[in-house]
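Colleague: Would you be able to build a 3D model of this:
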Amino acid sequence: MHAELTVSDIMGRKVVSGGTDPYGSFVTAVPAGEYRLAVSAEGFTPYRASVTVIEDSLASLGDVTLQVAAPPEVPSAGEWEIEPAHSSIGFTARHIGLARIHGRFNSFAGAVRIADEMEQSAMHVVIDAASIDTNVRMRDDHLRSADFLDVQRYPTLEFYSDRFAHRGGNRWSITGGLSLHGVTRTVTLDAEYLGLGNGMEGETRAACRATTELRRDDFTVSWQTMLARGIAVVGPSIKIDLDVQIVPKG
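Modeller: From the prediction side, this is the model:
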């Protein structure tokens with residue numbers, strides 16, 4: 001198991017942090033003083049302790065055993081839908097030879113069917129391709145053109161899940177088919193389930209974050225072809241970031 005350890009001073013300022021070695025050990029040198037330590041690992045309850053370091057001496061926590069954390073409560077079985085007002089679908093891509101481009105899709109909708117066994121749940125998301133937004137109108141118009149998304153021929157991007165898999169703690173993977181630019185490929189979302197909460201009007205909602213990486217060539221949007229034609233383009237891979245809240249379908 002890989003754990004992260006953070007050492008802070010008594011004012012809460014981080015002094016040093018890092019991961020354990022293959023044997024589960026962590027060693028660092030700090031000036032004499034009072035310190036707060038936090039040990040964390042995915043799926044486990046964090047461990048916190050205080051320690052006094054005396055000059056020219058070794059201070060040890062000894063063996064630390066982390067307790068398995070209870071996973072957050074999953075949504076109740078039934079039909080749920082994405083609430084766009086509290087959700088976002090963004091992406092990051094590297095412009096050829098230049099800085100990263102950050103963008104988002106402003107219009108999307110989605111439905112989630114939560115099963116009695118969470119692994120049997122299903123999700124369907126539809127994204128309006130023309131709603132792509134990188135805050136540069138000329139670039140956005142180009143991304144909507146036949147050179148890239150070709151929104152006249154392919155007005156939507158769609159994702160249908162095939163499988164939910166629990167990876168421990170609050171981590172899940174969601175595998176399914178993504179249809180983009182007339183091509184469907186299997187992608188897997190690396191998801192972090194954030195649990196249940198209540199909205200301003202008391203309604204129940206659930207939240208999660210998810211990421212995946214797409215290769216443009218997999219969807220026949222060839223960056224080599226674009227370069228050959230002298231068109232400045234984004235790079236061959238694009239990172240997708242989702243921040244989603246779902247509410248029971250009304």
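Colleague: Tell me how this structure divides into domains.
Modeller: For the chain, automatic domain parsing gives the domain ranges 4-53, 78-248.
Colleague: Quick one: closest of the ones you listed to Gln67.
Modeller: Distance to Gln67, taken as CB to CB, is lowest for domain 4-53 among these, at 4.8 Å. Heads up, the C-betas are built off the backbone N, CA and C, glycines and all.
Colleague: quick one on the thing from earlier: tell me which of the domains of the chain sits most buried.
Modeller: domain 78-248 (a mean of 16; mean count of other CB atoms under 10 Å).
Colleague: now that domain: mean pLDDT?
Modeller: Domain 78-248 comes out with an average pLDDT of 85.
Colleague: distance between it and the chain's centre?
Modeller: Domain 78-248 has its C-alpha centroid displaced from the chain centroid by 11 Å (CA atoms, centre = their mean, to the nearest Å).
Colleague: What is the end-to-end distance of it?
Modeller: 8 Å (CA to CA, to the nearest Å).
Colleague: Same question for stretch 51-65.
Modeller: 17 Å.
Colleague: OK, contacts around the closest residue to Val15 other than its chain neighbours?
Modeller: Leaving aside its sequence neighbours, Val15 sits nearest to Val7 (CB to CB, 6 or more residues apart in numbering; 4.7 Å). By CB atoms under 8 Å, 6 or more residues apart in numbering, the contact set of Val7 is 14-17, 28, 30, 35-37.
Colleague: name the element Val7 belongs to?
Modeller: Following DSSP states H and E, one finds Val7 within strand 4-9.
Colleague: Within its sheet, name the partner strands of that strand and how each one runs.
Modeller: strand 14-19 (antiparallel), strand 33-40 (antiparallel) (DSSP bridges).
Colleague: Including distance to Leu189, could those strands go into CSV?
Modeller: What follows is the strands paired with strand 4-9, written out as CSV (distance: least, CB to CB, whole Å):
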stretch, distance to Leu189
strand 14-19, 25
strand 33-40, 23
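Colleague: possible to save the domains of the chain as TSV with distance to Gly62?
Modeller: TSV is the format used below for those (distance: least, CB to CB, whole Å):
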stretch	distance to Gly62
domain 4-53	10
domain 78-248	25
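Colleague: Among those, which comes closest to Leu66?
Modeller: Taking CB to CB, domain 4-53 is the member of those nearest to Leu66, at 3.9 Å.
Colleague: Rounded mean pLDDT for the closest one, please.
Modeller: Regarding domain 4-53, the rounded mean pLDDT is 86.
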